[in-house]
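Participant: I'd like to go over a predicted model; first the sequence, then the structure.
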Amino acid sequence: MVNILLLVLVVSSFCASDRVITESRPDPVPNENGRGLLVTYIANEGVLVSSGDKQVLIDGLHREYKPAYAFPPPDLLRSLESAASPYSKIDLILVTHIHGDHFHPLSVGLHLQNNPKARLVSSEQIAEGVKKEFGGFSTIESRIERVAHEWKRKVALNVSGINLKGLGLKHSGANFSWIQNLGYVVELNGAKILHIGDADMTEENFSSLGLVEEKIDVAFIPYWFLLSNTGRAIVQNHIRPKQVIAVHISPAEAAQVAEQVKLAYPGALTFTKILETTPVPFNIFHPPFTIPS
């Protein structure tokens, strides 16, 4: 009987998914050089990325906006805004743009107020949005780094001991040409991650930024890039990440989109479940490959 039980436990350990839905997140998984990332899906394009003693939250502080967009449920939102454990160790908050499925000024202000170590890096539009809506702005203003948004321009920064670059990208859609959409390249423990917000899906938007030379390890890409010939070409020719994670997937279409991405861009992961966690050891990244046309 004991032998049977041991066999069941061993088989179960091999069959378990490598992605865990949990709020008590495991540690990053290192390779032989001690490098590794832990990526946790918050909602929509919101992700929490950690490595070593550094944590970066990107587009994770927003509230319910429209039915088509995933948002942090009430318990998670309270934890984020109050900087309760395990969100009390966030070093850096990045926001790509002001749309409500990526950003809420009160959520950002509350986290900064409740987490004295956290700093915000974003555009003038985001900083002014927090200033206008958050009553305690004067108490957090010194921890806000404003990045001038200039199309095709890359700005290098070091904030909270983290090297990053702000990328001046156009937002998708002619009616949103006024939106300051900032992408980010963030370096954590030797690994580089890319987040592009809702960047316009055109070659001109990416061709001058030199992202291939950045040697991106993990790129968070809106799923529609991966379902389009144009978008896949941009990812392959102008970003060339080792691992792609598809984001901005509507809850109502999660299963369908996940299957479409799997077929269109083999090797890509999809984030659809709140607090889905993916430990990424760098020695198992997918190598660059030719994607279907």
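Facilitator: The structure has been received and is ready for your questions. Numbers count the residues shown, from 1 in each chain.

Participant: going forward, measure contacts between C-alpha atoms and count neighbours the same way
Facilitator: Noted.

Participant: Check which helices and strands the host helix or strand of Val186 is in contact with.
Facilitator: Element membership of Val186 [criterion: DSSP states H and E] is strand 181-188. Under the contact definition 3 or more C-alpha pairs under 8 Å, 6 or more residues apart in numbering; DSSP states H and E, strand 181-188 sits against strand 119-123, strand 162-169, strand 191-195.

Participant: which of those strands sits most buried?
Facilitator: Greatest average neighbour count among the helices and strands packed on strand 181-188 goes to strand 119-123 (a mean of 24), per mean count of other C-alpha atoms under 10 Å.

Participant: Can you give the strand pairings for that strand, parallel or anti for each?
Facilitator: strand 92-94 (parallel), strand 144-147 (parallel) (DSSP bridges).

Participant: so which of those is the most packed in?
Facilitator: Among those, highest average neighbours (mean count of other C-alpha under 10 Å) belong to strand 92-94, with a mean of 24.

Participant: Show residues contacting that strand.
Facilitator: Identification of contacts with strand 92-94 by C-alpha atoms under 8 Å, 6 or more residues apart in numbering yields 55-59, 118-122, 159-160.

Participant: I'd like the mean pLDDT over it, please.
Facilitator: Averaging pLDDT along strand 92-94 gives 98.

Participant: That strand: how far from the chain's middle?
Facilitator: 10 Å (C-alpha atoms, centre = their mean, to the nearest Å).

Participant: right, and the helix or strand after it?
Facilitator: Using DSSP H and E, the helix or strand that directly follows strand 92-94 along the chain is helix 105-114.

Participant: Remind me what that next one packs against, helices and strands.
Facilitator: Judged by 3+ C-alpha pairs under 8 Å, 6+ apart, helix 105-114 is in contact with helix 74-81, helix 124-133, helix 137-140.

Participant: With distance to Tyr69 added, can I get the strands paired with strand 119-123 in a markdown table?
Facilitator: Formatted as a markdown table, these follow (distance: least, C-alpha to C-alpha, whole Å):
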| stretch | distance to Tyr69 |
| --- | --- |
| strand 92-94 | 19 |
| strand 144-147 | 26 |
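
Participant: Glu214 is nearest to which of the helices and strands packed on strand 181-188?
Facilitator: With C-alpha to C-alpha as the measure, strand 191-195 is the member of those nearest Glu214 (7.7 Å).

Participant: Tabulate the CA atom coordinates of the closest one in CSV.
Facilitator: Only the C-alpha atoms of strand 191-195 are listed here, as CSV (Å, rounded to 0.1, in the frame of the first residue of the first chain):
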residue,chain,number,x,y,z
ALA,A,191,17.4,39.1,-17.8
LYS,A,192,15.5,41.5,-20.1
ILE,A,193,11.8,41.8,-20.3
LEU,A,194,9.8,43.8,-22.8
HIS,A,195,6.3,45.3,-22.4
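
Participant: That one pairs with which strands, parallel or anti?
Facilitator: strand 181-188 (antiparallel), strand 218-222 (parallel).

Participant: just for the chain, where's the confidence low?
Facilitator: Counting by pLDDT under 70, the chain shows low-confidence ranges at 1-35, 281-293.

Participant: Helix, strand, or coil at the residue nearest in space to the middle of it?
Facilitator: The residue lying closest to the centre of the chain (C-alpha atoms, centre = their mean) is Val47, at 3.8 Å. On the three-state scheme (DSSP: H, G, I helix; E, B strand; the rest coil), Val47 is labelled strand.

Participant: Could you check how far it is from Ala219?
Facilitator: Going from Val47 to Ala219 by C-alpha to C-alpha, to the nearest Å gives 11 Å.

Participant: again, but for Tyr69
Facilitator: 20 Å.

Participant: Just want to know which of those two has more residues nearby.
Facilitator: Here Tyr69 and Ala219 are compared on neighbour count by other C-alpha atoms under 10 Å; more neighbours surround Ala219, at 23 against 18.

Participant: residues in contact with the more buried one?
Facilitator: For Ala219, the contacting residues are 193-195, 241, 243-245, taking C-alpha under 8 Å, 6+ apart as the criterion.

Participant: now for those, which pair is the farthest apart?
Facilitator: Pairwise distances across the contacts of Ala219 (C-alpha to C-alpha) peak at 12.4 Å, for the pair His195 and Gln243.

Participant: May I have stretch 125-138 as PDB, with CA atoms only?
Facilitator: C-alpha atoms of stretch 125-138 as PDB (Å, rounded to 0.1, in the frame of the first residue of the first chain):
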ATOM      1  CA  GLN A 125      -0.100  61.800 -18.800                       C
ATOM      2  CA  ILE A 126       0.100  59.200 -16.100                       C
ATOM      3  CA  ALA A 127       1.800  61.500 -13.600                       C
ATOM      4  CA  GLU A 128      -0.700  64.300 -14.200                       C
ATOM      5  CA  GLY A 129      -3.600  61.800 -13.900                       C
ATOM      6  CA  VAL A 130      -2.400  60.700 -10.500                       C
ATOM      7  CA  LYS A 131      -1.800  64.400  -9.500                       C
ATOM      8  CA  LYS A 132      -5.300  65.300 -10.500                       C
ATOM      9  CA  GLU A 133      -7.200  62.400  -8.900                       C
ATOM     10  CA  PHE A 134      -5.200  61.300  -5.900                       C
ATOM     11  CA  GLY A 135      -5.600  63.600  -2.800                       C
ATOM     12  CA  GLY A 136      -2.300  62.500  -1.200                       C
ATOM     13  CA  PHE A 137      -0.200  63.300  -4.300                       C
ATOM     14  CA  SER A 138       2.200  65.600  -2.400                       C
END
